[in-house]
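Visitor: what follows is a predicted structure for the sequence shown.
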Amino acid sequence: MSSSTEKPWFKMYPDHVKETINHPEYSLYTMLEKTVTKYKDNIGIIYDGKKITYGQMKSNVDNLAGAWHHLGLRKGSRIGLMLSNNPYYIYAYFAAMKLGLIVVQVNPNYTLRELLNILKDSTAEYLVTEEDNRTIVNQMKEMYEITVFFTKKTSENESNSISELLTINKFVRKKVPINVKDDVAVIQYTGGTSGIMKGAMLTHYNLIANIEQTYNLYDGKMKPGKEVVLTATPLYHVYAMTSAMNFGIYTGSTIVLMEKFETNYALYLIEKYKPTFFPGVPKMYSAFVNTPNISEYNLSSLEYCSCGSAPIPIEVIKRFETLTNAVIGEGFGLTETSPTSHRNPPGGVRKTGSAGIPIPNTDSKIVDETGKELPNGSIGELIIKGPQVMKGYWNNLEETSKALINGWLYTGDLARQDKEGYFYVVGRKKEMIIVGGFNIFPQEVENIIYEFPDVSEAAVVGLPNESEEIVSAYVAPKCDRYIDVKELEGFCYRNLTPYKVPKRFIIVESLPRNAVGKILKRKLIEIETKTNYKS
């Protein structure tokens, strides 16, 4: 990397933080092995009151990997994990890593259409899921051939459930060779810089590097083998996968798994298990501070908190930190960066409202439309280079070539940099909407709305709100047609995951367009903001 005179953020690292790191080259499964060697008898997972040691965790991983190998699963095959937060996710994930399989992250709330899109694009051969998803899986299997492993056996005729495979002692005698810099560990779907869903290929090296980069920021502060991580964000999301599960295992921490976030249950778990680290999203922090009688709960065990997936209101930060012993480390990242690229350094100068500085081994700059670097204070596109930057998009050379140029990731986000190297994200060139930490691609929602027979044209935007954007749809009817909003909303719920369904439907005669006919979405947002529209 360049000298500290060229990279002002080097001067902002606390003394314990190294400017550069030599990343050892090993696989995610080897990471688990290393942790088990040190902390075999430590509690690795707490779920629904049950405690699982690291030794038991690895035994389950090895049993599952051996059973899968015996069934013919081989290196390079894609396996979808369509699971909520539970130990089966961790067993399946690391068994896949041991065999060199490629994990395809799948939201268990996807509709049939969304599920098929991801399975077909990734050409997945296997899928792990829960009984709750049996109906949609049966529908899917009528249109797509795939081998499905349910987590638990629910009928005598069903074989090869994960719970049964964990009991089969068939070990992989020969270690599967992993080229950590080339072999893809995870395909994580995202809208990238264009809003079109595509699979970011994250290698073993990308993911291990991002864990080490993050740990380096906490080096000397976190105590390996002693920390407790409250894991409420879904593991099928890149943020939780890296910042909660992989980081937790790397540090030998106890991972307290929540199947899904529920405020009162989260508060109960905090008081019972005293987590020290919480990687959350803005909606969770907002839920905490808005809980009645929150001051009656003891949240003092929390020491390190991070916020990912979306900006967090400064007022929420202040209120949460007043209630706890913690500091929320604001940062920035993308699926394509595994995900963390910037962070306010723990123990260093903190600038509330900023994305922080590039984490160790990461370079970053602001450029204009030609790729020329802009001076401090100028707003332009944020680009990033580092070992955590993805290999590319799965089977999509065109989109890869747009996003990766000379080793730099062009994020599509608009930002500025101050003289000390702190970055401030001010907007997005892409039109992606973020709700509850999840990416929503307007084009996908618009495509569904356009299928509704009475709709002539539609535009989906994210309107600003107190803690996150509100998905809003502007819809114009066909000539002499009437749009029943309730029917349109129901149609969307049948074809989209609930969080993608617009929370506001605004019926208009027509949508604003420019001279060449392009819909002016920014105009819609400006009008809505000025009139302070409320539903």
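Guide: Cool, the structure landed. Numbers count the residues shown, from 1 in each chain.

Visitor: where does pLDDT dip in this protein?
Guide: Flagging of the chain using pLDDT under 70 yields the residue ranges 1-5, 155-158, 191-195, 427-430, 514-518, 529-535.

Visitor: let me see the contact set for the closest residue to V61 other than its chain neighbours.
Guide: Nearest residue to V61, sequence neighbours excluded (Cβ to Cβ, 6 or more residues apart in numbering): F94, at 4.4 Å. For glycine as for every other residue, the C-beta is placed from the backbone atoms N, C-alpha and C. Contact analysis of F94 by Cβ atoms under 8 Å, 6 or more residues apart in numbering lists 28-29, 32, 61, 65.

Visitor: need those residues in a markdown table with distance to K120 and neighbour count, can you?
Guide: Converted to a markdown table, the contacts of F94 look like this (distance: Cβ to Cβ, whole Å; neighbours: other Cβ atoms under 10 Å):
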| residue | distance to K120 | neighbour count |
| --- | --- | --- |
| L28 | 26 | 26 |
| Y29 | 28 | 25 |
| L32 | 31 | 24 |
| V61 | 29 | 24 |
| A65 | 26 | 26 |
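
Visitor: mind checking which of the residues you listed land in helices?
Guide: Residues of those located in helices (DSSP state H): 28-29, 32, 61, 65.

Visitor: N206 and A200, how far apart?
Guide: According to Cβ to Cβ, to the nearest Å, N206 stands 9 Å off from A200.

Visitor: kindly report the same for C307.
Guide: Noted for C307: a distance of 21 Å to A200, by Cβ to Cβ.

Visitor: give me the more crowded residue out of those two.
Guide: Taking neighbours as other Cβ atoms under 10 Å, C307 and A200 compare with A200 leading, 30 against 23.

Visitor: hey, where'd the strands end up in the stretch 1-150 of the chain?
Guide: Remark: strands assigned in the stretch 1-150 of the chain by DSSP state E, counting those that start in this stretch are 43-47, 50-53, 78-82, 102-105, 126-129, 147-150.

Visitor: how close does the nearest residue to I211 once chain neighbours are set aside get to I357?
Guide: In space, and not counting its chain neighbours, I211 is closest to Y250: 4.8 Å by Cβ to Cβ, 6+ apart. Distance, Y250 to I357, by Cβ to Cβ: 22 Å.

Visitor: could you measure from the residue lying farthest from the centre of the chain over to A459?
Guide: Going by Cα atoms, centre = their mean, the residue of the chain most distant from its centre is D480, 43.7 Å out. Separation of D480 from A459 (Cβ to Cβ): 22 Å.

Visitor: and if you look at I384?
Guide: Separation of I384 from A459 (Cβ to Cβ) stands at 30 Å.

Visitor: repeat that for P14.
Guide: 46 Å.

Visitor: these two - which one has more neighbours?
Guide: Between P14 and A459, counted using other Cβ under 10 Å, A459 has the larger neighbour count: 24 against 14.

Visitor: does the more buried one really touch L524, like I thought?
Guide: Yes - in this structure A459 lies within contact range of L524 using Cβ atoms under 8 Å: 6.2 Å.

Visitor: joint contacts of these two?
Guide: In contact with both A459 and L524: 474, 511, using Cβ under 8 Å, 6+ apart.

Visitor: just give the number of residues close to C305.
Guide: Counted with other Cβ under 10 Å, the neighbours of C305 add up to 24.

Visitor: next up, the contacts around it.
Guide: Counting by Cβ under 8 Å, 6+ apart, C305 touches 277-280, 285, 320, 324, 326-329.

Visitor: Y54 now?
Guide: For Y54, the contacting residues are 35-36, 39-44, 252, by Cβ under 8 Å, 6+ apart.

Visitor: hmm, 10 Å instead?
Guide: Neighbour list for Y54: 32, 35-45, 225, 249, 252, 254 [criterion: Cβ atoms under 10 Å, 6 or more residues apart in numbering].

Visitor: try I470
Guide: 433, 435, 461-464, 502-504, 528, 533, 535.

Visitor: I'd like to know how far it sits from I317.
Guide: 21 Å.

Visitor: check N63 too.
Guide: Going from N63 to I317 by Cβ to Cβ gives 44 Å.

Visitor: could you do D219 as well?
Guide: Look at D219 and I317: by Cβ to Cβ, they are 24 Å apart.

Visitor: likewise for N395?
Guide: In terms of Cβ to Cβ, N395 sits 40 Å off from I317.

Visitor: also I118?
Guide: When I118 is compared with I317 (using Cβ to Cβ), they lie 34 Å apart.

Visitor: same question for P24.
Guide: Distance, P24 to I317, by Cβ to Cβ: 35 Å.
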